[in-house]
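Visitor: A predicted structure for the sequence below; I have some questions about it.
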Amino acid sequence: MVKIVLLVDVLEDIKGGAERQVYELIKGLDKEKFAMFLFVLHQNSIPQEILDLKINTRALGIKRIYDLKGICEGIAFKRFLFENKIDVVMTYHFASDIWGAFWGRKAPLIVSNRRDIGFWRKGIHGWAYRFANRWVDRVVVNSEAGKKQVICDEGVSEQKIQVIRNGIDLERFSKSFDRANIRKGLGILNDDLVVCCVGNLREIKGQKYLVEAGLEVLQKLPNTRFVFVGDGPLRKELEFKVQGSMFKEKFLFLGKKDDVPEILSIADVCVLPSLSEGLSNAILEYMAAGKPVIATNVGGNSELVENEINGILVEPANSKQLAEAMNELLESSQEREAFGKNARNKVEKEFALDQMIKAYEHLFNDKKEFKVLHLISSNGLYGAEKVLLNIAANMNGNGVQSLVVSIQNSHNLHFELLNEAKKRNIPVEIIESKGRFDGETVNQLIALVRKQHISIIHSHNYKADFVGYSAARKAGIPIVATNHLWTKAGFKLRLYEFFDGLLLRKFNKVVAVSEQVKKDMLKAGVSAKKITVIDNGVPCNEKAGEGGKLREEFGVPVAALVVGCIARLSPEKGHAYLLEAAKKMVDIGVDVYFILFGEGPLEEELKNSVKAVALEKRVLFAGFRNDMENVYSDIDILVQPSLREGLPLSLLEAMGNGKAVIATSVGAVPKLVTNMQTGLLIKPGSVEEIILGLKTLVNDAQLRDKLASNAKAFVKEHYSLEKMVASYREVYSEVVSCQ
């Protein structure tokens, strides 16, 4: 069941306008599929008609959204959304649009309605909307005119706007009424012509021009009566305007009425003289009653009234044109009948209430659906690849479809990522590349983006950044990058990373896996506004792998301890310091085995170093593994001797699997490892500290167990996979909403 919160400024009655649309929506939505909660911002009570619908309601009584009560209620509203797992927040009216978008910004889907074309707005209103729209996923307008206004005034992209036209309950206007009795009750003679106008009596509704036009019409057709339904601040002025006229008895001001369909049944012509409109509910009521319509050509009125087909359009604030149009229709019963029939036919086909309800149901079921293309030039299955897979696999089914695309370099083919993605049921694609910068690679990606209707490209290393940016720019979609780490290993890589920093300045959003990575990007000139720090997250396995399998494979005795190092075999990972420490540990007779997991450019060099000191039986190279659950079952201690790191995934995984760790104080590692609490923290490049840490843990099984237990609890609480995935989803929402 989709849970929806409707938030409105005021809901004093349900006789017309947005209030009527809210009422009809609550009444019409399928209660077996949608659970609704209504919040009214500025009132202390809820109309009885709404209470009779038996939904959860709250009247907040907030005067100003920015005062103390507004803030306190906002905090409570945010908590309510979280505790009740609300799927959709939909707002009506200015204060609700701003307040609801801000406090509801964590909701899966935020919908903001625009019911008019902003006649009341000042500069601050436009600024406020632009501020709040960053959190809004859909802006619903009820007319094409409203859509143009939102694009122009608020800078919202067309893709983010959805036109859902107002719907009207046709049954209310299809009943048989005793017209003669209704006329008699209003003091209208049987042969009188009746002009009806429904709407609040306000300047913007233009009734004063109708009164002026009416006085002119009465000169020619004195048997005409003008009936005004509605109330407002302009009523006294309008009544005073006709008091001094010989035709004062020809004008009836009925105030607010519950029986609008009955009154419209006696009308010969219906008029809406507004100076500004969105999509008028009054015109819809006129049309549903089968009446010819005269309306001003403003806002969405022309989308309802087809000139000389179901009514007549006139210019706003022009009483002369209004009078001419009324004279034309009042003098021709044949024209009135034809226009009225066409009006009813049009509203039946295009504005039936069930059509509006279905449109909203479809919108509510479409909770921030994104299709994200994860792009990487992979050399194996390491930290960046594992983060990518964790995001893609766990985002699917949460309003996001994920596609993993591997740039396959013809000179260095790697399929480990693709194979693992297939195991996790993640769709995969391959893009071929014949060189470091192959223009055809970009063309392949553009074609794939268009074919798959991709919403966002998410790139995961420097080559993917260059290819992804070129394709995203040409395809007109946003691009996000995750900077897992700039290793700064060697002149060539430093040069690539320098250009990568220049390019990332142009991305919609860049994710840093640690504060240090963020600092590196800030130094490279990437705007702080574009950078979001998201810690890597890992699943905390409650179920261990098959114990003893790894030991059996490598011939490690049951009584010996196993020290693991899981990292790409490259200079920044510091394997040389670990090997030197291993040599000294073996020399002093400690019964310990070292297993290095991973591949990389230093593999041969490291193997030769081990061979040179005759450690082949104690230092083992396991290469790439796809059975990490078995690895974590058999290792006793994990050592991470890196010289540079972001937020190392292997360290997180080991801690999450309940292993004691020794790690260098680089990157975000100190956030994970608190010395003697969740592990041992050592200086980078220090063989002595590696040896000291190993001796400490080898000789103290109780301490090993304590650190392992603390580490697992810490990772489970602070670095969960769910938290990481939710943070990335927020990034996706932000970049899409800003388009």
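Guide: Done, it's in.

Visitor: ok, so what distance separates residue 535 from residue 553?
Guide: Distance of residue 535 to residue 553, given as C-beta to C-beta, to the nearest Å: 33 Å. C-betas here are computed from N, CA, C, even on glycine.

Visitor: Which one's more surrounded, those two?
Guide: Using other C-beta atoms under 10 Å, the more surrounded residue of residue 535 and residue 553 is residue 535, with 20 against 14.

Visitor: Which residues are in contact with the more buried one?
Guide: Applying C-beta atoms under 8 Å, 6 or more residues apart in numbering, we find residue 535 in contact with 513, 514, 647, 668, 671, 718, 719, 723, 724.

Visitor: which residue sits closest to the last one in space, ignoring its chain neighbours?
Guide: It stands for residue 724. residue 537 (3.0 Å; C-beta to C-beta, 6 or more residues apart in numbering).

Visitor: Am I right that the one you found is in contact with residue 718?
Guide: No - using C-beta atoms under 8 Å, residue 537 makes no contact with residue 718, being 9.1 Å away.

Visitor: of these two, who's got more company?
Guide: Legend: neighbour count by other C-beta under 10 Å for residue 537 and residue 718, higher for residue 537 (26 against 12).

Visitor: what about residue 497, helix or strand, and which?
Guide: Per DSSP states H and E: residue 497 is located in helix 491-504.

Visitor: domain assignment for the chain?
Guide: Residue ranges for the domains of the chain, per automatic domain parsing: 2-163, 170-352, 370-533, 549-721.

Visitor: those strands in the stretch 501-650 of the chain, which residues are they?
Guide: 509-512, 531-533, 561-566, 592-597, 619-623, 637-640 (DSSP state E, counting those that start in this stretch).

Visitor: for the stretch 301-450 of the chain, same thing?
Guide: Assigned by DSSP E, counting those that start in this stretch, the strands in the stretch 301-450 of the chain fall at 311-314, 370-376, 400-409, 428-433.

Visitor: hey, which of the ones you listed is tucked in deepest?
Guide: The highest mean neighbour count among the strands of the stretch 301-450 of the chain, using mean count of other C-beta atoms under 10 Å, belongs to strand 311-314: a mean of 25.

Visitor: In terms of secondary structure, what does that one contact?
Guide: Counting contacts by 3 or more C-beta pairs under 8 Å, 6 or more residues apart in numbering; DSSP states H and E, strand 311-314 is packed against strand 293-296, helix 319-330.

Visitor: distance of residue 223 from residue 195?
Guide: Taking C-beta to C-beta as the measure, residue 223 and residue 195 are separated by 12 Å.

Visitor: ok, these two, which is more surrounded?
Guide: The neighbour count for residue 223 versus residue 195, taken as other C-beta under 10 Å, is higher for residue 195 (25 against 11).

Visitor: wait, the more buried one sits on residue 269?
Guide: Yes - the pair residue 195 / residue 269 is scored as a contact, 5.0 Å apart, by C-beta under 8 Å.

Visitor: Between those two, which contacts overlap?
Guide: Residues touching both residue 195 and residue 269 by C-beta under 8 Å, 6+ apart: 326, 330.

Visitor: what angle separates whatever helix or strand residue 654 lives in from strand 592-597?
Guide: Residue 654 is part of helix 649-656, with elements assigned from DSSP H and E. Angle, helix 649-656 to strand 592-597, by axes from the mean of the first three to the mean of the last three C-alpha atoms, to 10 degrees: 130 degrees.

Visitor: what sits up against helix 649-656?
Guide: Contact with helix 649-656 is made by 382-383, 386-387, 536-541, 564, 566-567, 628, 632, 635, 638, 640, 661, 663, 669, 672-673, 678-679, 711-712, 714-716, 719, as judged by C-beta under 8 Å, 6+ apart.
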